[in-house]
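J.: From the sequence below, what's the structure:
(one chain, ligands or ions: 1)
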Amino acid sequence: MPGGRHHLQIPGPTNVPDRVLRALAAPTIDHRGPEFAALALDLLERLKTVFATRGPVIVYPSSGTGAWEAALVNTLSPGDRVLACETGHFATLWRDMAEKLGLRVEFLPGDWRHGADPDAIAERLTADLAAGSSEPAFAAVMVVHNETSTGVRSRVAEIRAALDRVRHPALLLVDTISSLASMDHRHDEWGVDVTVGCSQKGLMLPPGLGFNAVSEKALEAARSARLPRSYWDWGPILNANRDGYFPYTPPTNLLYGLREALALLEEEGLPAVFARHDRHAEATRRAVRGWGLEILCADPREYSSSLTAVLLPEPHDADKVRRIVLERFDMSLGTGLGRLAGRVFRIGHLGHFDDISLAGTLCGVEMGLAAAGVPIERGGVQAALASLEAS
Ligand SMILES: *Cc1c(COP(=O)(O)O)cnc(C)c1O
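T.: You can find the predicted model right below:
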């Protein structure tokens, strides 16, 4: 391997800032003592800003997948009908999980190049209500805000408006795992009932924390929901959290890291953090077009600001490009997932990131594409630099 640091340009886990790494290394403390309670109470309050909510945020020692499960088992009952939206690989995994848990899932089809379509959702929900009393209505709509397998952002505010327009009572469950703290998300204003998040993407932490932000309506649903739940049960966690504690051993050192990551976000300011991600995403798209390659996301309204998926012309293998970039430049790029395997690679430009890091990343990609024999024009990096200079 060449000297220097590894460049972790996958769309999560992301590069962990030195300040966060140092915070993680502090000694673990008694999680039933007063020092821990002060830490937890402070964090649980400050986390609300990241979700743009005044309601509670629940923190699990878990991957994002655990937080997905928590959102479902706390709000739904066996046999409930739910509408999931096919945006890509992660939406498909969440759908599969809902089925395994005993929910009846309808998958609104998508082409993996667009976000969830608010009009299609409205149409399906209207038909659902018109079906009358023969079937209970959909209990929830599941949407992935930023589909990490495709680099496509779903328009959550418009989806909320669609539910309201047709007056459908379904809960709105949104996965913001790869958008949280990178792209604007407003739990309260957009009427989201459960926002699912985790630590290792925009929050710049190692893997290991899962989050649920929950609305009043979701808390109400949890009172009568009958899917089995124990570890994921919001009730005991919210009770213990009131005094700054957890019903089991919390991931204390990750919480130290979270305190530092929140400080970084607060120092920069969330609007500036979002603008930085938008700007780096735009420069990356200029690079892709400059190479003469295609961006997977087909609708400019839905471009992701945390990653860009690049489609390669047949018969070029995206994993060969990734292999060369790793061997020669010690940089990891995201692989094509599910049906996109070998067809796309993904450039993560989220979390702890700046102009020079982006420029280096794009240089590595351009050199890797050339070395892999992909026919490209050599103007990509130049176009990206010009975009950064101009904005
Ligand atoms: C990364 C990711 C997940 C899965 O999170 P894990 O921590 O790997 O369980 C789910 N949804 C989206 C959109 C993601 O980006």
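
J.: what about residue 7, how many neighbours?
T.: 18 (other C-beta atoms under 10 Å). Bear in mind the C-beta positions are built from the backbone N, C-alpha and C, glycine included.

J.: Oops, could you answer that again for residue 107 instead?
T.: So residue 107, with other C-beta under 10 Å, has 17 neighbours.

J.: need the contact list for it.
T.: Neighbouring residues of residue 107 by C-beta atoms under 8 Å, 6 or more residues apart in numbering: 84-86, 92, 95.

J.: Residue 257 touches residue 205, doesn't it?
T.: Yes - with contacts counted by C-beta atoms under 8 Å, residue 257 reaches residue 205, the gap being 5.0 Å.

J.: Please verify my assumption that residue 265 contacts residue 273.
T.: Yes - at 6.0 Å, residue 265 and residue 273 qualify as touching, with contact defined as C-beta under 8 Å.

J.: and residue 288, that's in a strand?
T.: No - membership of residue 288 in a strand is not supported by DSSP: H, G, I helix; E, B strand; the rest coil, which gives helix.

J.: Flag every residue of the stretch 201-350 of the chain that's near the ligand.
T.: residue 207 (C-beta under 6 Å from any ligand atom).

J.: which residue sits closest to residue 137 in space, ignoring its chain neighbours?
T.: residue 128 (5.6 Å; C-beta to C-beta, 6 or more residues apart in numbering).

J.: other SSEs contacting the helix or strand hosting residue 213?
T.: Here residue 213 is covered by strand 209-214, with elements defined by DSSP states H and E. Under the contact criterion of 3 or more C-beta pairs under 8 Å, 6 or more residues apart in numbering; DSSP states H and E, strand 209-214 touches helix 34-51, strand 57-61, helix 64-75, strand 194-198, helix 252-268.

J.: Go through those and pick out the most buried.
T.: strand 194-198 (a mean of 30; mean count of other C-beta atoms under 10 Å).

J.: So for it, mean pLDDT?
T.: If you average the pLDDT over strand 194-198, you get 99.

J.: before we move on, what about stretch 228-244?
T.: 98.

J.: Could you work out the end-to-end span of it for me?
T.: End-to-end distance for stretch 228-244: 26 Å, by C-alpha to C-alpha, to the nearest Å.

J.: Grab the nearest non-local neighbour of residue 385.
T.: Among residues not flanking residue 385 along the chain, residue 359 sits closest, at 6.4 Å (C-beta to C-beta, 6+ apart).

J.: What pLDDT does the model give the one you found?
T.: Per-residue confidence at residue 359 stands at 98 (pLDDT).

J.: Can you give me the distance of the residue nearest to residue 137 to the ligand?
T.: 25 Å (C-beta to the nearest ligand atom, to the nearest Å).

J.: Which single residue of the chain ends up nearest the ligand?
T.: Across the chain, the shortest distance to the ligand (C-beta to the nearest ligand atom) belongs to residue 64, at 2.7 Å.

J.: Give the full set of residues in contact with the nearest residue to that residue once chain neighbours are set aside.
T.: Spatial nearest neighbour of residue 64, excluding adjacent residues (C-beta to C-beta, 6+ apart): residue 198 at 3.6 Å. Taking C-beta under 8 Å, 6+ apart, we find residue 198 in contact with 62-64, 67, 177, 180, 207, 209-211.

J.: what do you get for residue 205?
T.: Residues in contact with residue 205 (C-beta under 8 Å, 6+ apart) are 16, 20, 199, 254, 257-258, 261.

J.: about what we covered before: which of the contacts of residue 198 are buried?
T.: 62-64, 67, 177, 180, 209-211 (16 or more other C-beta atoms under 10 Å).

J.: mind listing the helices for the stretch 251-391 of the chain?
T.: 252-268, 270-290, 318-329, 355-371, 380-390 (DSSP state H, counting those that start in this stretch).

J.: Just put these in JSON lines and tack on distance to residue 343.
T.: Shown next, in JSON lines, are the helices of the stretch 251-391 of the chain (distance: least, C-beta to C-beta, whole Å):
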{"stretch": "helix 252-268", "distance to residue 343": "34"}
{"stretch": "helix 270-290", "distance to residue 343": "15"}
{"stretch": "helix 318-329", "distance to residue 343": "6"}
{"stretch": "helix 355-371", "distance to residue 343": "15"}
{"stretch": "helix 380-390", "distance to residue 343": "19"}
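
J.: Out of those, which is closest to residue 105?
T.: Across those, residue 105 has its closest neighbour in helix 318-329 (30.0 Å, C-beta to C-beta).

J.: taking the mean pLDDT, what do you get for the closest one?
T.: On average, helix 318-329 scores 98.

J.: Touching it from outside, list them.
T.: 2, 7, 310, 312, 331-333, 335-336, 341-345, 364-365, 367-369, 371-372, 374.

J.: hang on, residue 31 in a strand?
T.: No - assignment of residue 31 by three-state DSSP gives coil, placing it outside any strand.

J.: Just give me the neighbour total for it.
T.: 19.

J.: so what's it up against?
T.: So residue 31 contacts 245-246, 249-250, 252 (C-beta under 8 Å, 6+ apart).

J.: hmm, back to that, quick one, which of the helices of the stretch 251-391 of the chain is nearest to residue 158?
T.: helix 270-290 (18.1 Å).

J.: Flag every buried residue along the closest one.
T.: By neighbour count with 16+ other C-beta under 10 Å, helix 270-290 contains the buried residues 273-274, 276-290.

J.: ditto for stretch 181-188
T.: Buried residues in stretch 181-188 (16+ other C-beta under 10 Å): 181-185, 187.

J.: Equivalent analysis for stretch 11-19, please.
T.: So for stretch 11-19, counting by 16+ other C-beta under 10 Å, buried means 11-17.

J.: With secondary structure as added columns, please give these in JSON lines.
T.: What follows is the buried residues of stretch 11-19, written out as JSON lines (three-state DSSP):
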{"residue": "11", "secondary structure": "coil"}
{"residue": "12", "secondary structure": "coil"}
{"residue": "13", "secondary structure": "coil"}
{"residue": "14", "secondary structure": "coil"}
{"residue": "15", "secondary structure": "coil"}
{"residue": "16", "secondary structure": "coil"}
{"residue": "17", "secondary structure": "coil"}
